[in-house]
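Q: Predicted model and sequence below, questions to follow.
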Amino acid sequence: MTLYLHDGSYQGQTSWSVEALRAGAADAVVASPFFTPWVPRKAQPNPGTVAQKVRDAGGEFIIDATTHGLRLPGVDNLASYNTWRLWAGARGDLSTDDLIDQHVERVFERQDAVSAPRLTPTVALDSPIGADADTALALAQAGRRADEGAWQSLAGRRGFWLSEGLDDYVGSLAQLRATVWFVTHVREEGVYPPTMVEAAQLAAVCRTVESLSLRSRVVLCQADLFGLPAVAAGADTVGTGWHTKQRVCSPSAYQQNDPDTVRRQALWLMYQGLATRIHKTDSDVLVSRDRARAEQLYIGPIVSINRDARIHHLQTLRGLTATVDAYAERADRVAALRSIYETAVGELDDLARRYSRTYARQRSDFVDGPLAALQMYAEAEGIWD
């Protein structure tokens, strides 16, 4: 099971990523023009420098042009993005076949320059029908014409995932027979954990992953713990990181006034046996009252500093995904993840009764929604026993 570290505008992120790669806690770094400038700016290294550090640490370096982010509402954080010069015409203009071809060509040229895989750009879709859906398909086809081995991208917002035409559109994309698909679930708000009031969205993502995985590797981008249902559906890679921009794709991730850029990052500890994270304060209380249980749920000695927590977060996510991915059949993967979630529900409910309602909130935030989505997907597929 593979973990990709997504880009973000955080000081020290390259060093953290290299450290994670050397520790075997992650496998690749995915750079974005929004956060990694083509021409170095202040303390921000360019892709060539980052690529060398990543490869020296044993990782793969990937560039996602993030065209789907550019066209989201209110996007204005373009200082780094503009240094890449990815457009033949006006920035974001894909109104003609020539402009589409030239955008794909320029993206591939940048990727080739640092020996990164050719990953075709896409646009974020609100519907599988209409001009944007046609543009996304045209981009994918242009990437395939330029290079039959090119990786492909699909990014969808709420309306796309809930549309009746979703399966037919995904079927047309699957016919491209790409070796790898980058799938992005675009959220409306840049918060982590993401809002899970509509389990049907994630269930539709799972259905899409299943369809694409029949012929291709599938990467669920910027997903973190919320990528587990997609692993059950057939994804072999989950995109993650330590901050919201790395875990959630949303319009605010590419805006100058993104609140996450100024929000103080609290210390959260990942508890594998709970399939969730716990604030250090609550973790300390649990350890003081029942250390043996805490260490059993945490899996190993509990860390107390940010550096160790960053690595442990990835190791825990890898452990959870590997547990699900250990099975070849989808029904067995679904059953494995169902067991993880149902065990977590029992533990969280007991902890809520014994210690704090915080655990009930963590169940609601991290377990109930993904479990409902998993059940909705699996029941529709006839594999929920």
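A: On my side now, so go ahead.
Q: quick one: low-confidence ranges for the stretch 151-300 of the chain?
A: Across the stretch 151-300 of the chain, the ranges flagged by pLDDT under 70 are 258-265.
Q: Please enumerate the helices of it.
A: If DSSP state H, counting those that start in this stretch is used as the criterion, the helices of the stretch 151-300 of the chain fall at 158-161, 166-174, 199-213, 228-233, 244-247, 280-289, 291-298.
Q: and His6, which of those helices is closest to it?
A: Of all the helices of the stretch 151-300 of the chain, it is helix 244-247 that lies closest to His6, at 4.2 Å by Cβ to Cβ. From N, CA and C alone the C-beta is placed, and that goes for glycine too.
Q: wait, Gly369 sits on Met196?
A: Yes: counting by Cβ atoms under 8 Å, Gly369 touches Met196, with 2.6 Å between them.
Q: Please say which of those two ends up with more neighbours.
A: In this view Gly369 and Met196 are compared by other Cβ atoms under 10 Å, and Gly369 has more residues nearby, 22 against 19.
Q: which residues does Ala352 contact?
A: Contact analysis of Ala352 by Cβ atoms under 8 Å, 6 or more residues apart in numbering lists Thr358, Tyr359, Ala360, Arg363.
Q: Could you rerun that using 10 Å?
A: Thr358, Tyr359, Ala360, Arg361, Gln362, Arg363 (Cβ atoms under 10 Å, 6 or more residues apart in numbering).
Q: And the strands in this protein?
A: 2-6, 28-31, 60-63, 124-125, 152-156, 180-185, 217-221, 237-240, 268-271, 276-279 (DSSP state E).
Q: For Ala203, find the nearest of those strands.
A: Here strand 180-185 is closest among those (Cβ to Cβ), at 11.3 Å.
Q: Return the list of helices and strands in contact with that closest one.
A: Other helices and strands packing on strand 180-185, by 3 or more Cβ pairs under 10 Å, 6 or more residues apart in numbering; DSSP states H and E, are helix 67-70, strand 152-156, helix 158-161, helix 166-174, helix 199-213, strand 217-221, strand 237-240.
Q: domains for the protein, by residue range?
A: Domain assignment for the chain, taken from automatic domain parsing, gives 2-261, 268-381.
Q: Give me whichever of those domains is most buried.
A: domain 2-261 (a mean of 20; mean count of other Cβ atoms under 10 Å).
Q: I'd like the distance from that one to the chain centre, please.
A: In this view, domain 2-261 has its centroid 8 Å away from the chain centroid, taken as Cα atoms, centre = their mean, to the nearest Å.
Q: ok, back up a step: which among the helices of the stretch 151-300 of the chain is found nearest to Arg318?
A: helix 228-233 (11.0 Å).
Q: on that earlier part again, between Gly369 and Met196, what contacts are shared?
A: Leu202, Phe226.
Q: center of the protein, which residue is that?
A: With distances taken as Cα atoms, centre = their mean, Gln222 lies nearest the centre of the chain, 1.8 Å away.
Q: ok, now how distant is it from Thr66?
A: 11 Å (Cβ to Cβ, to the nearest Å).
Q: got any residues that touch both of the two?
A: Here Gln222 and Thr66 have His6, Asp7, Val30, Thr184, Cys249, Ala253 as joint contacts, going by Cβ under 10 Å, 6+ apart.
Q: how about JSON lines for these, with distance to Asp290 added?
A: Formatted as JSON lines, those follow (distance: Cβ to Cβ, whole Å):
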{"residue": "His6", "distance to Asp290": "35"}
{"residue": "Asp7", "distance to Asp290": "39"}
{"residue": "Val30", "distance to Asp290": "39"}
{"residue": "Thr184", "distance to Asp290": "40"}
{"residue": "Cys249", "distance to Asp290": "38"}
{"residue": "Ala253", "distance to Asp290": "38"}
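Q: Quick check: chain neighbours aside, which residue is closest to Met376?
A: Ala203 (4.0 Å; Cβ to Cβ, 6 or more residues apart in numbering).
Q: Export stretch 336-351 to CSV, keeping only CA atoms.
A: Presented in CSV, the C-alpha positions along stretch 336-351 are these (Å, rounded to 0.1, in the frame of the first residue of the first chain):
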residue,chain,number,x,y,z
ALA,A,336,-11.8,-5.8,6.8
LEU,A,337,-12.6,-2.1,6.9
ARG,A,338,-16.0,-2.7,8.3
SER,A,339,-14.4,-4.6,11.2
ILE,A,340,-11.9,-1.7,11.7
TYR,A,341,-14.8,0.8,11.9
GLU,A,342,-17.1,-1.3,14.1
THR,A,343,-14.3,-2.1,16.5
ALA,A,344,-13.5,1.6,16.7
VAL,A,345,-17.2,2.4,17.4
GLY,A,346,-17.2,0.1,20.3
GLU,A,347,-14.0,1.5,21.8
LEU,A,348,-15.0,5.1,21.3
ASP,A,349,-18.4,4.6,22.8
ASP,A,350,-16.9,3.0,25.9
LEU,A,351,-14.3,5.7,26.2
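Q: how far does it sit from the chain's center?
A: Using Cα atoms, centre = their mean, the offset of stretch 336-351 from its chain centre is 23 Å.
Q: any idea of the pLDDT on the closest residue in space to Arg85 that isn't next to it in sequence?
A: In this structure, Arg85 finds its nearest non-sequential neighbour in Arg106, 7.1 Å apart by Cβ to Cβ, 6+ apart. Note on Arg106: pLDDT of 98.
Q: Could you report the separation of Arg106 from Trp87?
A: Look at Arg106 and Trp87: by Cβ to Cβ, they are 7 Å apart.
Q: Same question for Asp236.
A: 32 Å.
Q: where does the stretch 1-150 of the chain have low pLDDT?
A: Using pLDDT under 70, nothing in the stretch 1-150 of the chain is flagged.
Q: With distance to Thr135 added, can I get the helices and strands packed on strand 180-185 in a markdown table?
A: Formatted as a markdown table, those follow (distance: least, Cβ to Cβ, whole Å):
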| stretch | distance to Thr135 |
| --- | --- |
| helix 67-70 | 10 |
| strand 152-156 | 12 |
| helix 158-161 | 13 |
| helix 166-174 | 13 |
| helix 199-213 | 18 |
| strand 217-221 | 19 |
| strand 237-240 | 23 |
